[in-house]
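A.B. asks: with the sequence up front, the predicted model follows.
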Amino acid sequence: MCGIAGFSLFNYQEGGSASLEAMHKAIVHRGPDASGIYLDDHIGLCHRRLSILDLSEAGNQPMYSADNNLVIVFNGEIYNFLELRAELEQQGVIFKSHTDTEVILELYAREGVKCLDKLNGMFAFALWDKTKQELFIARDRLGKKPLYYFSDNGRFAFGSEIKAILALQDIPREIRLDAVHDFFAYQYVPDPKSIFKHIHKLPPAHYLVLNKNGFSIKEYWDLSFKHVTGNSEETNKQKLKTLLEKVTKQRMISDVPLGAFLSGGVDSSGVVAMMAEASNSPVKTCTIGFDDKAFNEADFAREIAEKYHTEHHEFTVHQNIAEQLEHIASFFDEPFADPSLVPTFFVSELARKAVTVALAGDGGDEMFAGYEKYTTDDIENKLRNKLPESIRKKIIPSLVKIASVFPGAIGRKGKSLLTSLSHDPAMGFFITNSMMTDDMWNKLVKPDVAATLNGYHPSQYTLDMYNKADGPDHLSKILYTDIKTYMTGDILVKVDRMSMANSLEVRAPILDYQVAEFAATLPSSQKYRDGEKKYLLKEVFKPFIPDSLLYRKKMGFSTPLDDWFRDELKVLSESKLLQCNKGLSEIFSTAAINSIWQEHQSRSKNHGIVLWSMLMYQMWYDRYAVIQERAS
């Protein structure tokens with residue numbers, strides 16, 4: 001696990017080695033073990049190394065191919081590199097190291113872009129071909145590793161994080177207003193956008209080729225749901241079990257200490273069980289708990305730890321996050337507001353004290369329909385199908401107004417349900433899962449900002465993915481949508497930033513692309529059955545996890561936001577939200593911000609999610625956007 005960055009010199013002179021040094025210093029947390037740069041007349045590359053495989057200097061980067069023609073900087077892990085290495089050795093390749101990086105180099109030397117079809121892993125890399133004078137940048141299929149690029153008037157730069165690009169001189173920091181609107185709807189900025197106008201995300205499963213004439217971007221893989229298997233449920237269960245055992249074992253290859261995140265949920269418990277079955281020594285497990293029992297899963301995690309005799313580490317997050325929140329948030333260089341970033345940071349910090357690599361259960365909910373929202377969506381669709389369109393379009397909007405009168409959660413949930421029912425299934429899915437309603441946005445947003453947006457609506461991102469999905473039914477379409485949006489834009493960003501903030505590598509077996517492809521072939525009834533989420537995955541894990549844990553209500557990595565804003569985060573939030581004259585106040589009316597703050601403090605309404613999004617936006621702005629004024 002590492003950090004990479006670089007720039008093109010075809011049309012702009014960046015400042016040479018000093019600029020490369022500034023770039024890799026900005027992401028030192030991603031790789032504290034070593035650093036290196038490459039610079040010629042056309043390209044500059046730099047690398048930060050977190051040593052995982054081949055801890056010797058032979059593993060340092062930038063790394064060169066045997067013929068010295070190719071140069072690579074690589075972030076990630078290739079899990080099938082030993083098999084690929086064996087194939088290359090049969091072709092006469094002699095390796096100088098025991099790294100997966102060198103395998104990518106020699107595979108590309110022989111197969112070019114087609115090498116991506118053979119790589120199984122989490123990765124983002126940039127590879128410079130001296131002969132072709134071409135830079136090849138690629139990102140893994142599901143987007144586990146990040147890659148940002150800057151492009152403006154022929155100037156080009158890239159990095160694992162935006163802060164590496166911002167380390168260059170005179171990078172414009174103009175904020176995208178549509179990305180701001182996206183952020184408040186989703187709690188993240190969806191790809192390929194970033195919060196900055198001239199900085200973009202390379203989407204997952206895409207590669208970029210740059211030369212003196214410019215650059216092009218192409219997709220090399222997509223997830224298809226249209227080929228539904230006719231295999232029996234028992235056959236599918238055995239195939240899934242065998243596949244999960246294989247990919248878990250692959251992710252246990254490491255030259256440094258390895259352990260696992262253990263939340264006490266189905267997915268992380270299943271991964272730990274499979275690790276324990278494959279290991280000759282106790283698995284190191286790490287768990288985060290909260291003082292508030294409603295958000296605390298530590299007892300469930302402890303039950304799994306005891307069952308598999310793990311070397312268990314546990315940390316309770318007490319109500320003192322205000323002291324560390326600005327530090328934690330600083331690792332996100334564009335607005336990000338998934339509240340579970342807090343426990344993810346702490347569990348990564350805890351894990352890093354014992355291990356350098358941790359396995360996690362990410363991916364199970366998206367691949368096998370594990371979120372509570374799928375139950376909500378199922379109920380809504382059953383109601384939607386029973387109501388004639390004329391009623392949904394004409395009568396329900398009036399009922400929404402009535403529901404708005406009721407206070408508290410009843411009124412809020414009733415309004416959300418009715419609003420969703422008045423739309424088609426795709427738009428209903430967006431409404432149910434949006435973190436800020438249109439009513440709240442319209443209450444907060446300044447008229448001039450709304451006018452500049454000119455009717456733009458964040459739902460387009462969800463609708464585009466839903467309509468691109470090739471699945472045979474609604475569930476398959478929303479699973480595809482979540483994999484392409486929420487998972488890549490939220491879950492994987494959160495895990496990457498919070499783990500790398502602590503120089504920890506996190507691997508997710510269930511996110512193996514082969515697992516994703518297999519899950520996509522399963523009939524929807526084997527994922528979600530009569531209200532039971534993750535049906536087949538639970539069947540696989542049944543021998544390993546007690547029923548009391550396997551079938552308990554999902555909690556998720558939640559945080560007590562509403563209470564935080566009335567207690568622990570109150571003083572900090574008042575200074576950030578009510579006393580600022582830049583950032584949030586340029587987007588939202590200060591009177592409207594104050595109004596929802598007072599409603600929350602009086603307990604007449606709970607606005608924890610909205611207040612959290614605003615706080616995280618302002619914290620981001622204070623650290624990353626105001627520098628524009630100093631630099632200009």
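C.D. replies: Looks like it arrived, so ask away.

A.B. asks: any low-confidence regions in the stretch 401-550 of the chain?
C.D. replies: 401-418 (pLDDT under 70).

A.B. asks: what about the strands in it?
C.D. replies: Counting by DSSP state E, counting those that start in this stretch, the stretch 401-550 of the chain has strands at residues 505-507.

A.B. asks: just want the most central residue of this structure.
C.D. replies: What sits nearest the mean C-alpha location of the chain, by C-alpha atoms, centre = their mean, is residue 492, with 2.1 Å.

A.B. asks: quick one: that one and residue 362 touch, right?
C.D. replies: Yes. Here residue 492 reaches residue 362: they are 7.2 Å apart, a contact under C-beta atoms under 8 Å. Glycine gets a C-beta too; all of them are placed from N, C-alpha and C.

A.B. asks: immediately after the helix or strand where residue 179 lies, which helix or strand?
C.D. replies: For residue 179, the host element (DSSP states H and E) is helix 177-186. Counting by DSSP H and E, the next helix or strand C-terminal to helix 177-186 is strand 199-201.

A.B. asks: pairing partners for that next one, with directions?
C.D. replies: strand 148-152 (antiparallel) (DSSP bridges).

A.B. asks: any buried residues in the strand it pairs with, and which?
C.D. replies: 148-151 (16 or more other C-beta atoms under 10 Å).

A.B. asks: show me the contact partners of that strand.
C.D. replies: Contacts with strand 148-152, where a contact means C-beta atoms under 8 Å, 6 or more residues apart in numbering, come from 137, 156-162, 164-165, 168, 171-172, 194, 198-202, 208, 215.

A.B. asks: restricted to buried residues, select the residues you listed in ChimeraX.
C.D. replies: The buried residues among these can be selected in ChimeraX (16+ other C-beta under 10 Å) with this line:
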select :137,156,157,158,159,160,161,162,164,165,168,171,194,198,199,200,201,202,208,215
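
A.B. asks: isn't residue 380 up against residue 422?
C.D. replies: No. The pair residue 380 / residue 422 is not scored as a contact, 10.8 Å apart, by C-beta under 8 Å.

A.B. asks: can you redo the buried residues of strand 148-152 as a markdown table with pLDDT and distance to residue 237?
C.D. replies: Output for these, formatted as a markdown table (pLDDT from 0 to 100; distance: C-beta to C-beta, whole Å):
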| residue | pLDDT | distance to residue 237 |
| --- | --- | --- |
| 148 | 98 | 40 |
| 149 | 98 | 42 |
| 150 | 98 | 47 |
| 151 | 97 | 47 |
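
A.B. asks: of the residues you listed, closest to residue 466?
C.D. replies: For those, the residue nearest residue 466 by C-beta to C-beta is residue 148; the value is 25.8 Å.

A.B. asks: quick check: beta-bridge partners of that closest one?
C.D. replies: Applying DSSP bridges, one finds that residue 148 bridges with residue 159, residue 201.

A.B. asks: the nearest residue to residue 585 once chain neighbours are set aside is in what secondary structure piece?
C.D. replies: Leaving aside its sequence neighbours, residue 585 sits nearest to residue 593 (C-beta to C-beta, 6 or more residues apart in numbering; 7.6 Å). Here residue 593 sits within helix 590-601, counting by DSSP H and E.
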